[in-house]
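> structure, please.
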Amino acid sequence: PHVVDGMEWYTTILWHLRAESELAALGRELADLDRRSAAVWIALGNCFALQKESDAALKCFKRAMKLNPYHAYAFTLAGHEYVVSDDLDEAMAYYRRALVVDPRHYNALYGVGKVFFRQDRWPMALFHFERACQINPRSSVLRCDVGKVYSVMGQCETALAHFEAAVELDPKNAIARFETAKCLDQLGQYDGALEILHGLHDAGSRDASVFFLMASLYKKQGERGQAVLHFLTGADLDSTQTAYMMATAGKDQDNLSVAEDSTLPSALAGHEDEEDEEDEEDE
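Here you go, the predicted structure:
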């Protein structure tokens, strides 16, 4: 490139694409062109952030702030790195500094909303997510986060409307599709939820949560065989999550109803016997 201004946005795209080698090469090239550009230091910070080197990334973002104290994006990215490190107070401080520079910087509003969400301060999270949505109404991610807040507040139908809007904005948004399925489950629309989850599976999803929710839905419909099959698939993908659900199934009915089913051990035994028979036939 011959112009470095604006390259911070391009490197953010590379970060989202997880294009580590391309981002590293571009970072080196930009550093050779102009080390006194805030955009260059933001690009280098994105490179370190992708490599999960938060300390180095923060040094780059802070260097960018010194070179251009009116670059709101540098403050926002620093806030993101502090969130990664679970330092929510520092994250909030940098997001607020970004909003002082640019009150309409929706990335910072999103960050503030995320911090409030992690602190279980739902009304404040909702306020900032909705403000961000007003500024950037075409963002599927922001719309999905608004839905998540309504969901945890128990307003499932309102949450569903936002999740469906997020999917309409970006049909490839797997999180929005999964959250839509969860809402449909809570509303008793099991067939609709399963249709969405099968779509995620067909699209190549290997998220254990997808299979655990499918298992729960099949169990509610009385299809024990399918429930066990999908539970086992989820267990293969994430044994840690399986152990947690098995330990808490008696306390929280929402974790996975199939995990607390008294028929599960015998069903598993039958499944294992069928696999043994198939192995013997193959031999």
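
> okay, and the nearest residue to residue 37 once chain neighbours are set aside sits in which element?
Nearest non-adjacent residue to residue 37, counting by CB to CB, 6 or more residues apart in numbering: residue 4, 4.8 Å away. Every residue, glycine included, has its C-beta placed from N, CA and C. Counting by DSSP states H and E, there is no helix or strand that carries residue 4.

> count of neighbours near residue 4?
Residue 4: 19 surrounding residues under other CB atoms under 10 Å.

> got it, and residue 185?
21.

> that older thread, tell me if I'm right that the residue nearest to residue 37 and residue 40 touch.
Yes: look at residue 4 against residue 40 with CB atoms under 8 Å: they come within range, at 5.4 Å.

> now do the shared contacts for these two.
By the contact definition CB atoms under 8 Å, 6 or more residues apart in numbering, residue 4 and residue 40 are jointly contacted by 30, 33-34.

> now do the buried residues in the helix or strand where residue 8 lies.
Under the criterion DSSP H and E, the helix or strand holding residue 8 is helix 7-16. Residues of helix 7-16 classed as buried under the neighbour-count rule (16 or more other CB atoms under 10 Å) are 7-8, 10-12, 14-15.

> same check, this time on stretch 144-159
144-151, 156, 158-159.

> CA atoms of that stretch as PDB?
What follows is stretch 144-159, C-alpha atoms only, in PDB (Å, rounded to 0.1, in the frame of the first residue of the first chain):
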ATOM      1  CA  CYS A 144     -28.300 -10.300  18.200                       C
ATOM      2  CA  ASP A 145     -26.800  -8.800  21.300                       C
ATOM      3  CA  VAL A 146     -30.000  -6.800  21.900                       C
ATOM      4  CA  GLY A 147     -31.900 -10.100  21.600                       C
ATOM      5  CA  LYS A 148     -29.600 -11.700  24.200                       C
ATOM      6  CA  VAL A 149     -30.400  -9.100  26.800                       C
ATOM      7  CA  TYR A 150     -34.100  -9.400  26.300                       C
ATOM      8  CA  SER A 151     -33.700 -13.200  26.500                       C
ATOM      9  CA  VAL A 152     -31.900 -13.100  29.900                       C
ATOM     10  CA  MET A 153     -34.600 -10.600  31.100                       C
ATOM     11  CA  GLY A 154     -37.200 -13.300  30.300                       C
ATOM     12  CA  GLN A 155     -38.800 -11.400  27.400                       C
ATOM     13  CA  CYS A 156     -38.500 -14.300  25.000                       C
ATOM     14  CA  GLU A 157     -40.900 -13.100  22.300                       C
ATOM     15  CA  THR A 158     -39.200  -9.700  22.000                       C
ATOM     16  CA  ALA A 159     -35.800 -11.500  22.000                       C
END
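
> got a list of contacts for that stretch?
Contacts with stretch 144-159, where a contact means CB under 8 Å, 6+ apart, come from 110, 113-114, 117, 122, 125-126, 129-130, 133, 160-163, 166, 173, 175-176, 179, 182-183, 186-187.

> help me confirm that residue 24 comes into contact with residue 49.
No: the pair residue 24 and residue 49 fails to qualify as a contact (CB under 8 Å) at a distance of 11.9 Å.

> what's around residue 232, how many residues?
Residue 232 has 17 neighbouring residues, counting by other CB under 10 Å.

> roughly how far does it sit from residue 212?
From residue 232 over to residue 212 the distance is 10 Å, taken as CB to CB, to the nearest Å.

> try residue 129
Taking CB to CB, one finds residue 129 at 27 Å from residue 212.

> who has more neighbours out of the two?
Counting neighbours by other CB under 10 Å for residue 129 and for residue 212 shows that residue 129 has the greater number, 29 against 24.

> pLDDT (mean, whole number) over the strand or helix carrying that one?
Assigned by DSSP H and E, residue 129 belongs to helix 122-135. Here helix 122-135 scores 97 as its mean pLDDT.

> centre of the chain to it, how far?
Distance of helix 122-135 from the chain centroid (CA atoms, centre = their mean, to the nearest Å) equals 17 Å.

> any buried residues in that helix, and which?
Result for helix 122-135 [16+ other CB under 10 Å]: buried residues 122, 125-133.

> can you pull the contacts of the residue positioned nearest the centre of the chain?
Residue closest to the mean C-alpha point of the chain, counted by CA atoms, centre = their mean, is residue 175 at 6.5 Å. Residues in contact with residue 175 (CB under 8 Å, 6+ apart) are residue 144.
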